[in-house]
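A.B. asks: Predicted model follows, preceded by the sequence.
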Amino acid sequence: AKAGMAARRKAVLTALGGCNVKELGFFISLMLSPFDFGTGGVVDGKFVFSLDESVDRGTIGPIRKQIGFLNILEDVIKMLGTIIVPFIPQLMTAVLCMVDQAQSRIDMDTGDHSMLGAEEGMIETLQIKQLKDIRQSGIKRITKIFNLPISPFDFKPYVPVMFDSFLNRRVGRLDTESTQ
């Protein structure tokens, strides 16, 4: 079933390669429609998660939908490549917000599940695993976007926030989170 779904997805993306920018924009907006990224974006040459830092950004969207989005984004980048350049700001905002929120929720987890029952502890463990999957997949998608051969796009506004939001936070836990 998964192989059939992947083949259909690739066929649809191949067809989208022949679409104009407006039609492709409609597809990208459909991909992003289940999520709420608030007012995140590039302001004065710097990426911000929210124009008003005092406002709680809330949940972006369901974890499983975020994982699904990141999975399809992998194929979109692979199949459409530089055709998605006009939509990189929206896609970068989406991925950065997802990774930042996943990292923040992982950081909130103190690891003390002694007060949880067995079932709640299993749910909590599954959710932490899914959040780590979002973080890892998001970083991979950012890397793929950075590797696209696009010269006019400026990634400088995004780099500092990536280090502040999730890259620097991982350095201290590299030994425990990266062992197999």
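C.D. replies: Yep, that arrived. Everything numeric in this text was worked out from a predicted model, so none of it was measured.
A.B. asks: where does the protein have low pLDDT?
C.D. replies: Regions of the chain meeting the criterion pLDDT under 70 cover residues 1, 51-58, 110-123, 169-180.
A.B. asks: Now do the buried residues in stretch 95-111.
C.D. replies: Under the neighbour-count criterion of 16 or more other CB atoms under 10 Å, stretch 95-111 has 95-103, 105-106 buried. C-beta coordinates here come from the backbone N, C-alpha and C atoms, glycine included.
A.B. asks: Make CSV out of the residues you listed and add distance to Thr143.
C.D. replies: Supplementary listing: these in CSV, determined by distance: CB to CB, whole Å:
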residue, distance to Thr143
Val95, 10
Leu96, 13
Cys97, 17
Met98, 15
Val99, 12
Asp100, 16
Gln101, 19
Ala102, 16
Gln103, 16
Arg105, 22
Ile106, 19
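A.B. asks: Which of those residues lies at the shortest distance from Ser165?
C.D. replies: Top of the list for closeness to Ser165, among these and by CB to CB, is Asp100 at 4.4 Å.
A.B. asks: in the chain, which spans are helices?
C.D. replies: Taking DSSP state H to define them, one finds helices in the chain at 2-16, 21-32, 63-80, 88-108, 118-146, 159-162, 168-171, 174-177.
A.B. asks: for the ones you listed, which one ends up most surrounded?
C.D. replies: helix 88-108 (a mean of 20; mean count of other CB atoms under 10 Å).
A.B. asks: That helix versus helix 118-146: what angle between them?
C.D. replies: Counting by axes from the mean of the first three to the mean of the last three CA atoms, to 10 degrees, helix 88-108 points 150 degrees away from the direction of helix 118-146.
A.B. asks: got the contact list for helix 88-108?
C.D. replies: By CB atoms under 8 Å, 6 or more residues apart in numbering, the surrounding residues in contact with helix 88-108 are 28, 32, 35, 37-38, 40-42, 47, 49, 57, 59-60, 66, 69-70, 73, 84, 128, 131-132, 134-135, 138-139, 141-142, 145, 150, 153, 158, 161-162, 165-166, 169-170.
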